[in-house]
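Engineer: after the sequence you'll find the predicted model.
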Amino acid sequence: MRVTVVAAQWHERVMRDLVTGALRAVEEAGAQASVVRAVGSFELPVLAAAAA
């Protein structure tokens, strides 16, 4: 299974910790992950749809 984590660039400290936790959970599930960063919140659904 492949998982894409889509995260905003806005609040780097918070997003870094959330992405780290998400990547850890994906790894523990035995899946592969990639990370895509969005400039702002409006781009998040567009990037998520493109990654699907």
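Structural biologist: On my side now, so go ahead.
Engineer: what pairs with the closest residue to Leu23 other than its chain neighbours across the strands?
Structural biologist: If you skip the residues right next to it in sequence, Leu23 has Ala33 as its closest partner in space, 5.3 Å away by Cβ to Cβ, 6 or more residues apart in numbering. Heads up, the C-betas are built off the backbone N, CA and C, glycines and all. Per DSSP bridges, residues listed as beta-bridge partners of Ala33: Val3.
Engineer: again, but for the one 4 residues further on
Structural biologist: Going by DSSP bridges, Arg37 is paired in beta bridges with Ala7.
Engineer: just give me the neighbour total for it.
Structural biologist: Arg37 is flanked by 16 other residues according to other Cβ atoms under 10 Å.
Engineer: same question for the one 5 residues further on.
Structural biologist: By other Cβ under 10 Å, the residues close to Phe42 number 9.
Engineer: just checking, the residue nearest to Leu23 touches Thr4?
Structural biologist: Yes. Counting by Cβ atoms under 8 Å, Ala33 touches Thr4, with 7.2 Å between them.
Engineer: scan this protein for its longest helix.
Structural biologist: Secondary structure assigned by DSSP state H gives helix 12-28 as the longest helix of the chain.
Engineer: could you export it as PDB, CA atoms only?
Structural biologist: Extracted in PDB, the C-alpha atoms of helix 12-28 (Å, rounded to 0.1, in the frame of the first residue of the first chain):
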ATOM      1  CA  GLU A  12       6.200  24.300  10.300                       C
ATOM      2  CA  ARG A  13       6.700  23.200  13.900                       C
ATOM      3  CA  VAL A  14       3.100  21.700  14.200                       C
ATOM      4  CA  MET A  15       3.100  20.300  10.700                       C
ATOM      5  CA  ARG A  16       6.600  18.700  11.200                       C
ATOM      6  CA  ASP A  17       5.300  16.800  14.300                       C
ATOM      7  CA  LEU A  18       2.100  15.800  12.600                       C
ATOM      8  CA  VAL A  19       3.900  14.500   9.500                       C
ATOM      9  CA  THR A  20       6.400  12.600  11.600                       C
ATOM     10  CA  GLY A  21       3.600  10.900  13.500                       C
ATOM     11  CA  ALA A  22       1.800  10.100  10.300                       C
ATOM     12  CA  LEU A  23       4.900   8.600   8.700                       C
ATOM     13  CA  ARG A  24       5.600   6.600  11.700                       C
ATOM     14  CA  ALA A  25       2.000   5.100  11.600                       C
ATOM     15  CA  VAL A  26       2.300   4.300   7.900                       C
ATOM     16  CA  GLU A  27       5.700   2.600   8.500                       C
ATOM     17  CA  GLU A  28       4.300   0.600  11.400                       C
END
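Engineer: many thanks, I have nothing further to ask.
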